[in-house]
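Undergrad: Predicted coordinates and the sequence they were generated for:
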Amino acid sequence: MKNISKRSRRNPWRNTRNDFKMPWQNIWATLLTVLLPFGILFLASNIVLRSSAFYTFYVSRSGVTRELPYSIENSDVAGAFHDFMMHGKRTFSLTENRDYKPQQVFGEKAADVMGDFRLIADISLVTGIVILIACIGIGIWLYRKGSNKLLYSHYLTVWPELVILLVLISVPVFVTPIREALMYGIYGKDFPPGDSLLQIFENGFWTYFGVAQILASIVLMLAILYIMKKFVTAHKMFKF
């Protein structure tokens, strides 16, 4: 009996069933690393697409309104896009600035395309907000568990992931053949030739959007970096 007892004490598998613990801090930190780049990208896109400053800058720099056969100003075009994307108008439309028989600048096809465009933007906005809330919750949980170093180190790994994601997203934006193929799939064959919306989109709109999206993503990441530097690394965050 003594030999059996000694052998059982030397057994490496004896009473080890409860020794393993799930590395929840690492798991949640990894999930944060995966989610945050997508949240940043979705929010940055919506900041650009719903900003009046972006549309004002684009129409003024591109001069696209001078190419349209309508009596409209840059502010009219920028306001039409901004108001519609901010749900200020139910239907995407713009009327000429003249008293005698003013015409509609955008047709029914343009209204349908912009309706789908806003729907996609709305879905991405909701998704980005949900991801942001989840990331904030994970960050607070990790900090309260004393894993602030783990939190900060995983945040730093988000930078290269975001760069890779932006590069992948930028390919169809900046490479003309790919962009035209995608836009053809969106617009379809029914888009009238010389349509105003088509001219606006094909006059460098997506290039401006791509640059603005990258800048907005960097600004959001720098804002998070500031919070990390000020609170997390200084051991001041959410003292409960």
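TA: Nice, I can see it.
Undergrad: Now do the phi/psi pair for residue 93.
TA: phi -160, psi 160 (degrees, to the nearest 10).
Undergrad: Report the contact partners of it.
TA: Residues in contact with residue 93 (Cβ atoms under 8 Å, 6 or more residues apart in numbering) are 80, 104, 105, 106, 111. Any C-beta I mention is one placed from the backbone N, CA and C, and that applies to glycine too.
Undergrad: So which of these sit within strands?
TA: In strands, defined here by DSSP state E, there are no members of those.
Undergrad: Can you tell me which of these is nearest residue 163?
TA: residue 80 (34.0 Å; Cβ to Cβ).
Undergrad: Can you check what pLDDT the model gives the nearest residue to the closest one once chain neighbours are set aside?
TA: Closest residue in space to residue 80, ignoring its immediate chain neighbours: residue 94 at 4.2 Å, by Cβ to Cβ, 6 or more residues apart in numbering. At residue 94, the pLDDT value in this model is 92.
Undergrad: For residue 95, give me the backbone phi and psi.
TA: Torsion angles, degrees, to the nearest 10, at residue 95: phi -110, psi 140.
Undergrad: Can you give me the neighbour number for the closest residue in space to it that isn't next to it in sequence?
TA: What sits nearest to residue 95 in space, not counting adjacent residues and going by Cβ to Cβ, 6+ apart, is residue 102, at 5.0 Å. By other Cβ atoms under 10 Å, 13 other residues sit near residue 102.
Undergrad: And for residue 146?
TA: Counted with other Cβ under 10 Å, residue 146 comes out at 10.
Undergrad: Centroid-nearest residue for the chain?
TA: Nearest to the mean C-alpha position of the chain, counting by Cα atoms, centre = their mean, stands residue 42 at 1.6 Å.
Undergrad: Now do the contacts for that one.
TA: By Cβ under 8 Å, 6+ apart, residue 42 lies in contact with 124, 125, 127, 128, 131.
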